[in-house]
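Participant: this one's structure only:
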Ligand code: APR
């Protein structure tokens with residue numbers, strides 16, 4: 001990594017009134033949570049996202065999808081925030097109101113590192129929700145579903161699904177609006193650990209760039225959005241973020 005690029009970016013972050021950070025699965029890789037598209041180790045090189053990360057996949061085989069998410073949930077619970085997560089948590093404590101953190105990740109490692117206001121674009125893997133909208137009033141509570149693979153409502157038969165955004169589903173509009181507002185209005189945008197393969201999250205870097213924001217990418221490999229950045233730091237989240245965000 002070019003020292004001058006690091007030094008210039010560090011100076012810009014230190015002077016920034018507002019810092020936007022978007023993270024992807026690479027942010028949690030050093031915590032032992034698999035990414036999706038890394039060759040060999042990525043989840044999508046072992047599993048078919050259409051079968052395991054889509055509504056029709058869940059409806060076709062609810063137990064299989066439920067079991068896969070149960071395994072990923074256990075992995076998240078066993079994981080710890082890495083030095084990159086901790087650096088972002090420390091930055092938010094040291095400079096309140098400057099950082100807007102947006103994540104594509106469904107783990108809770110940013111929150112456990114102290115960034116409790118992280119904007120979640122793709123939901124929360126630890127959260128349960130109904131598969132279908134409950135037509136009863138008052139609506140049945142997913143938390144009261146009967147245990148099972150997946151849990152099911154004893155009253156109306158509705159199934160419980162993980163509270164994540166599956167392929168083909170809309171992202172939470174408020175989260176997208178807040179992320180776009182922050183990306184447009186910040187001084188510096190730091191894009192960490194994402195392949196830039198999935199929209200609309202991937203569009204946040206170019207949105208920031210079009211609004212005159214200084215955009216930097218942190219990624220050990222090339223990504224689909226490298227050309228949206230003024231600078232690319234070739235390194236990992238846990239290696240690059242601590243010195244970059246330190247006072
Ligand atoms: N530090 C930083 N970046 C890393 C690290 C690391 N230690 N290890 C891997 N990376 C990079 C990879 O080079 C890759 O560019 O992280 C990126 C991970 O890319 P993906 O696996 O595609 O993950 P992501 O970009 O978050 O995927 C977006 O796709 O499948 C959906 O919903 C899922 O939120 C996910 C979305």
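Facilitator: Received the coordinates, thanks. Since this is a predicted model, take the numbers as computed values, not measurements.
Participant: distance of the closest residue in space to residue 24 that isn't next to it in sequence from residue 223?
Facilitator: In space, residue 24 comes closest to residue 194 once its chain neighbours are excluded; the distance is 2.6 Å by C-beta to C-beta, 6 or more residues apart in numbering. For glycine as for every other residue, the C-beta is placed from the backbone atoms N, C-alpha and C. Taking C-beta to C-beta, to the nearest Å as the measure, residue 194 and residue 223 are separated by 7 Å.
Participant: which of these two has more neighbours?
Facilitator: Comparing residue 194 with residue 223 by other C-beta atoms under 10 Å, the one with more neighbours is residue 194, at 29 against 22.
Participant: and this structure, which residues reach the ligand?
Facilitator: 24-26, 29-30, 35-38, 42, 104, 122, 193-195, 197-198, 218-221, 223, 236-237 (C-beta under 6 Å from any ligand atom).
Participant: weed out the non-buried ones from those.
Facilitator: 24-26, 29-30, 35-38, 42, 104, 122, 193-195, 198, 218-220, 223, 236-237 (16 or more other C-beta atoms under 10 Å).
Participant: which of the residues you listed fall in strands?
Facilitator: Under the assignment DSSP state E, these contribute residue 218 to strands.
Participant: where does the chain dip in pLDDT?
Facilitator: Applying pLDDT under 70 to the chain flags the ranges 1-2.
Participant: for the ligand, what's the nearest residue on it?
Facilitator: Per C-beta to the nearest ligand atom, residue 26 is where the chain lies closest to the ligand, at 2.3 Å.
Participant: just checking, what packs against the lengthiest helix in the chain?
Facilitator: Once the chain is assigned using DSSP state H, the helix that runs over the most residues is helix 62-78. Packing partners of helix 62-78 (3 or more C-beta pairs under 8 Å, 6 or more residues apart in numbering; DSSP states H and E): helix 49-52, helix 55-60, strand 123-130, strand 160-164.
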